[in-house]
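Novice: show me the folded form of this:
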Amino acid sequence: MTKPSTVFLNARLIDPETERDEPGGLLVKDGIIADIGPHLRRNAPEGAEVIDCKGHVVCPGIVDAQVFTGEPGAEHRETLKTASQSAAAGGVTTIIVMPDTQPVIDQVALVDFISRRARDNALVHVYTMAAMTRGLEGEEMTEIGLLKRAGAIAFSNGKSSITNTRVMRNVLNYSKDFGALIVHHTEDPYLSGSGVMNSGEVATRLGLPGVSKVAETIVLERDVRLVEMTGARYHAATITCEESLDVVRKAKARGLHVTCGVSINHLTLNEIDIGSYRTFLKVRPPLRHEDDRQAMVRGIANGEIDVIVSSHDPQDVDVKRRPFSEAADGAVGLETLVPAALRLHHSGDLTLIDLLRPMTINPAKLFGLPTGRLSAGAPADLIVVDLGEPWVVNKDLLRSRSKNSAFDESKMQGRVLRTLVAGQTVYQYAGVERT
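Specialist: I've put the predicted structure just below:
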């Protein structure tokens, strides 16, 4: 039996790809967007299920390009099922999972395992970023060609940088042969050492060892030189400071295939938010100075930073409820990505289109995905967002198996009301989650 079509009326349509921002409506049929435009604002085709958006935003579903999970090996922290539930509630319709699992995703069988588990359990699209070195140890390159053929859409060394320059050069050389994208965490472990937060006055006052920005930029500068040598495609996973942005800016000016991302944490929080040793805000790279946060926001506004990610990294209470220096890095972020990002819109720093572009069409194009757009013929992966709904984050209500939210107890304005994946509603706000 054919499922009836669904029409979204009385919506504010926003499509960053075409810069559409207008009142209208949208028709979904057989999992794709069949029609869109102002002519559907109030007129529903005969026989279609009608959803009145009441003037709220309808935009492409979010593509989150950096999601750490615990499956396989650490399912007590997060599974693909719980991550997808959290994603759906946060308006994220596509997640790209990182290879930092136990065992590491460095073999074809493990890429296939993630695909099968996601197909059976996940509410949203799940893609795999495979390891570019065996065991993420930075010494022996993986079978990039075979892993790509098995379904890996990019290659990363997870939370660690490859310090061996020869290995990094070889990875970039081989990746070019297969048209593969290399995504690298840029941090020199010898320079960062035992540092746990941004180096500077705040770290000194708290008596905590700091991590200099140079640890980030020195690896990024080396990588750009290697990209210039090899002609490979390269993406700096998450940059955090003006100096790194300048490196990327100059690389792009030279015509290199270099892009970069930033986490929502570094766009909306700074080192002062750590306060009295709040371990939920201990992340990697560390939260930087306010000047660097503002530089990242400007980088989004002018299009120099390509992607915004949640950097969703679930950690259980055993490794977070410790002294700050001993606590694990990482914060969950799938469910709070959109409302946290909306802070930058409400503050007047970013237009909605500028804010949504690096969370939808940019990552979709970068990773070769068909989603991220709101146009006829595109997959019906879309969300309805109330920009004004006030609420307070309560970690105990988050769907993630771990509760280490950097935004716990934060006031938010804006909430995802409905999430569709391939035309099917996978989340609908019931209006009972206030705290």
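Novice: average pLDDT across stretch 152-171?
Specialist: Averaged over stretch 152-171, pLDDT sits at 98.
Novice: tell me the buried residues in that stretch?
Specialist: 152-163, 167-171 (16 or more other CB atoms under 10 Å). In short, each C-beta sits where N, CA and C put it, glycine included.
Novice: in strands only, show me those residues.
Specialist: Ala152, Ile153, Ala154, Phe155, Ser156 (DSSP state E).
Novice: test my guess that Leu356 contacts Leu13.
Specialist: No. Applying CB atoms under 8 Å, one finds Leu356 not in contact with Leu13, separated by 11.8 Å.
Novice: the two: which is more packed in?
Specialist: Leu356 (27 against 24; other CB atoms under 10 Å).
Novice: what helix or strand does that one sit in?
Specialist: If you go by DSSP states H and E, Leu356 is part of helix 352-356.
Novice: export the ones in strands among the buried residues of stretch 152-171 to JSON lines and append columns for distance to Arg288.
Specialist: Output for these, formatted as JSON lines (distance: CB to CB, whole Å):
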{"residue": "Ala152", "distance to Arg288": "31"}
{"residue": "Ile153", "distance to Arg288": "29"}
{"residue": "Ala154", "distance to Arg288": "25"}
{"residue": "Phe155", "distance to Arg288": "27"}
{"residue": "Ser156", "distance to Arg288": "22"}
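Novice: chain neighbours aside, what residue packs nearest to the residue positioned nearest the centre of the chain?
Specialist: What sits nearest the mean C-alpha location of the chain, by CA atoms, centre = their mean, is Val309, with 2.4 Å. Closest residue in space to Val309, ignoring its immediate chain neighbours: Gln66 at 3.9 Å, by CB to CB, 6 or more residues apart in numbering.
Novice: next one: Ala215 from Met141, what distance?
Specialist: 24 Å (CB to CB, to the nearest Å).
Novice: same check on Ser410?
Specialist: Applying CB to CB to Ser410 and Met141 gives a distance of 42 Å.
Novice: of these two, who's got more company?
Specialist: Set side by side, Ser410 and Met141 show more neighbours around Met141, with 20 against 17, by other CB under 10 Å.
Novice: and the more buried one, bridged to which residues?
Specialist: Thr133 (DSSP bridges).
Novice: helix or strand for the residue of the chain most remote from its centre, which one?
Specialist: Computed with CA atoms, centre = their mean, the residue of the chain farthest from its C-alpha average is Glu46, at 38.5 Å. Under the criterion DSSP H and E, no helix or strand holds Glu46.
Novice: with Ala11 instead?
Specialist: Judged by DSSP H and E, Ala11 forms part of strand 6-15.
Novice: adjacent strands (with direction) for that strand?
Specialist: strand 20-29 (antiparallel), strand 49-52 (parallel), strand 57-60 (parallel).
Novice: need those strands in a markdown table with mean neighbour count and mean pLDDT, can you?
Specialist: Conversion of these to a markdown table gives the following (neighbours: other CB atoms under 10 Å; pLDDT from 0 to 100):
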| stretch | mean neighbour count | mean pLDDT |
| --- | --- | --- |
| strand 20-29 | 19 | 97 |
| strand 49-52 | 15 | 94 |
| strand 57-60 | 26 | 98 |
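Novice: okay, these in TSV with distance to Gly207 next?
Specialist: TSV is the format used below for the strands paired with strand 6-15 (distance: least, CB to CB, whole Å):
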stretch	distance to Gly207
strand 20-29	48
strand 49-52	54
strand 57-60	45
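Novice: any idea how far apart the tips of stretch 419-430 sit?
Specialist: 12 Å (CA to CA, to the nearest Å).
Novice: and the contacts of that stretch?
Specialist: Residues from elsewhere that reach stretch 419-430 (CB atoms under 8 Å, 6 or more residues apart in numbering): 3, 6, 28-32, 61, 88-89, 91-93, 123-125, 379-383, 415-418.
Novice: now it: average pLDDT?
Specialist: Mean predicted lDDT for stretch 419-430 stands at 96.
Novice: buried stuff in it?
Specialist: Thr419, Leu420, Val421, Ala422, Gly423, Val426, Tyr427.
Novice: before I go, just wanted to say thanks for your time.
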